[in-house]
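[1] kindly return the folded structure for what I paste below:
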Amino acid sequence: MTRVVPGAFHPMEARIVEALPQGKGWQFEPKWDGFRCLAFREGADVELRAKSGKPLTRYFPEIASAVARLRAKFLALDGELLIPLGNDLSFDALQMRLHPAQSRIDKLSRETPAIFMLFDILRGPDGAEFADRPLVERRKLLEELYSTFARDARFRLSPRTGQLAGAKKWLGQAGGGALDGVIAKRLDEPYRLGERAMLKIKCLRTADCVVGGFRYATGSKDIGSLLLGLYNQQGLLDHVGFTSGISDRDQPSLKKKLLRLRGGTGFTGNAPGGPSRWSTERNAQWEKLKPALVAEVRYDHVTANRFRHGTKFLRWRPDKSAAQCTFDHLCREARPAKLLQQILRK
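    Now for the predicted structure:
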């Protein structure tokens, strides 16, 4: 029997695939744009942990208190921490919680409380371990448990479907708001601790961006990443993300191309290099470029007018002027407002 121990727990993760799996025996769920969270309870003790194992309890006291209120001596729940703002979810609000001052965290927990979107259960209220049971059984147990505390405003149950059509609908809504894609799980499989046993499918799109600057690789004079921008309504170039993964073969020609443009205005609107609560090792140093290069990149998710993840460089666009690269041309995906609002209303 697999026993779930908070300090040595490695959650099941997903590997990226290009398409939704075909055939029977799959459960599809929305992939929410939040913080993965594992909640553990043993008696009066409650722990919240990120998938990396780092503690989250102090950053989300409202969720820890909600878990402590449940009529259960034991629990191990898997889900996603989310912060609703209006008709959408705010990843920025989640990042703001990772703050050193407890007074700041407490203030934000009252002003912008999080919810815990549940999608799996590893230990029941009586201490029974469920990790070895198939998903179809775990989901039934989770739904039964959720029905006992569904009125608590801090908890939600993530939707599921076994229909490919429903999964395709969710996938089409992903990328621009609450959804980050779709997760596929085998109904007959146990919870595989530490394995990439789930499938993650994203909706990939392309955009043409101005290269407004670049960063050198750490400890090197090689190009580490290209900094991407789009012009806003005021005509200023805002930093929207980066692309990296530059091969050694392409380094010489890329260096020549960039060095000829070095010393320009760079980003005249929102610039890179600001402090990041989520990644304290972020390199704030960057080189400004004249806004002459246009790159086509592939991306999967946009939030707060930025690419949430790194993009993949596809090709240069010498046929397109920098002035044409505006936010108006960035594909604004349909946000899953109806799905999200249904869940928030309970």
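
[2] could you chop the chain up by domain?
    As given by automatic domain parsing, the domain ranges for the chain are 11-203, 205-329.

[3] which one of those domains lies nearest to Gln341?
    Of all these, domain 11-203 sits nearest to Gln341, with 6.5 Å by CB to CB. For glycine as for every other residue, the C-beta is placed from the backbone atoms N, C-alpha and C.

[4] now that closest one: average pLDDT?
    Averaged across domain 11-203, the pLDDT comes to 93.

[5] that one: end-to-end distance?
    Using CA to CA, to the nearest Å, one end of domain 11-203 lies 24 Å from the other.

[6] re earlier: I'd like the domains of the chain as a markdown table, with mean neighbour count and distance to Gln342 appended.
    Putting the domains of the chain into a markdown table (neighbours: other CB atoms under 10 Å; distance: least, CB to CB, whole Å) gives the following:
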| stretch | mean neighbour count | distance to Gln342 |
| --- | --- | --- |
| domain 11-203 | 17 | 8 |
| domain 205-329 | 17 | 21 |
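
[7] out of these, which gets nearest to Ile343?
    Closest of these to Ile343 is domain 11-203, at 5.3 Å (criterion: CB to CB).

[8] the closest one: how far from the chain's middle?
    12 Å (CA atoms, centre = their mean, to the nearest Å).

[9] can you put the domains of the chain in CSV and add distance to Gln341?
    Formatted as CSV, these follow (distance: least, CB to CB, whole Å):
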stretch, distance to Gln341
domain 11-203, 7
domain 205-329, 18
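
[10] just after the helix or strand harbouring Asp92, pick out the following helix or strand.
    Counting by DSSP states H and E, the element that carries Asp92 is helix 91-96. Next in sequence after helix 91-96, counting helices and strands by DSSP H and E, comes helix 102-111.

[11] for that next one, packing partners?
    With contacts defined as 3 or more CB pairs under 8 Å, 6 or more residues apart in numbering; DSSP states H and E, helix 102-111 has these neighbours: helix 61-69.

[12] let's see 10 Å
    Contacts defined by 3 or more CB pairs under 10 Å, 6 or more residues apart in numbering; DSSP states H and E place helix 102-111 against helix 61-69, helix 91-96.

[13] contacts for the first one, please.
    Outside helix 61-69, the residues that touch it by CB atoms under 10 Å, 6 or more residues apart in numbering are 37, 39-41, 44-48, 56-58, 60, 75, 77, 79, 81, 97, 102, 105-106, 108-110, 112-116, 149, 152-155.

[14] rewinding a little: CA atoms only: put the helix holding Asp92 into PDB for me.
    Taking C-alpha atoms only, helix 91-96 is exported to PDB below (Å, rounded to 0.1, in the frame of the first residue of the first chain):
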ATOM      1  CA  PHE A  91      -2.100  34.600 -11.800                       C
ATOM      2  CA  ASP A  92      -0.500  37.900 -10.800                       C
ATOM      3  CA  ALA A  93      -2.600  37.900  -7.600                       C
ATOM      4  CA  LEU A  94      -1.300  34.400  -6.800                       C
ATOM      5  CA  GLN A  95       2.300  35.600  -7.200                       C
ATOM      6  CA  MET A  96       1.700  38.600  -4.900                       C
END
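
[15] which SSE is the nearest residue in space to Leu145 that is not next to it in sequence in?
    Leaving out its chain neighbours, the residue that sits closest to Leu145 by CB to CB, 6 or more residues apart in numbering is Ile121, at 6.4 Å. Counting by DSSP H and E, the element that carries Ile121 is strand 115-123.

[16] for Trp170, same thing?
    Assigned by DSSP H and E, Trp170 falls within helix 164-173.

[17] show me what that helix is packed against.
    strand 26-32, strand 179-186, strand 196-201, helix 337-345.

[18] ok, 8 Å please
    On a contact count with 3+ CB pairs under 8 Å, 6+ apart, helix 164-173 meets strand 26-32, strand 179-186.

[19] how about the contacts made by Ala14?
    Ala14 sits next to 31, 183, 196-200 when contact means CB atoms under 8 Å, 6 or more residues apart in numbering.

[20] which two among these are spaced furthest apart?
    Spatial extent of these (CB to CB) is set by the pair Lys31 and Ala197 at 15.0 Å.

[21] among the domains of the chain, which comes closest to Leu340?
    domain 11-203 (4.9 Å).

[22] just the CA trace of stretch 21-28, in PDB.
    C-alpha atoms of stretch 21-28 as PDB (Å, rounded to 0.1, in the frame of the first residue of the first chain):
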ATOM      1  CA  PRO A  21      -6.000  10.900 -26.800                       C
ATOM      2  CA  GLN A  22      -8.600   8.900 -28.700                       C
ATOM      3  CA  GLY A  23     -10.600   6.000 -27.500                       C
ATOM      4  CA  LYS A  24     -12.400   5.000 -24.300                       C
ATOM      5  CA  GLY A  25     -11.100   4.900 -20.800                       C
ATOM      6  CA  TRP A  26     -10.000   8.600 -20.500                       C
ATOM      7  CA  GLN A  27     -11.100  11.300 -18.100                       C
ATOM      8  CA  PHE A  28     -10.600  14.900 -19.200                       C
END
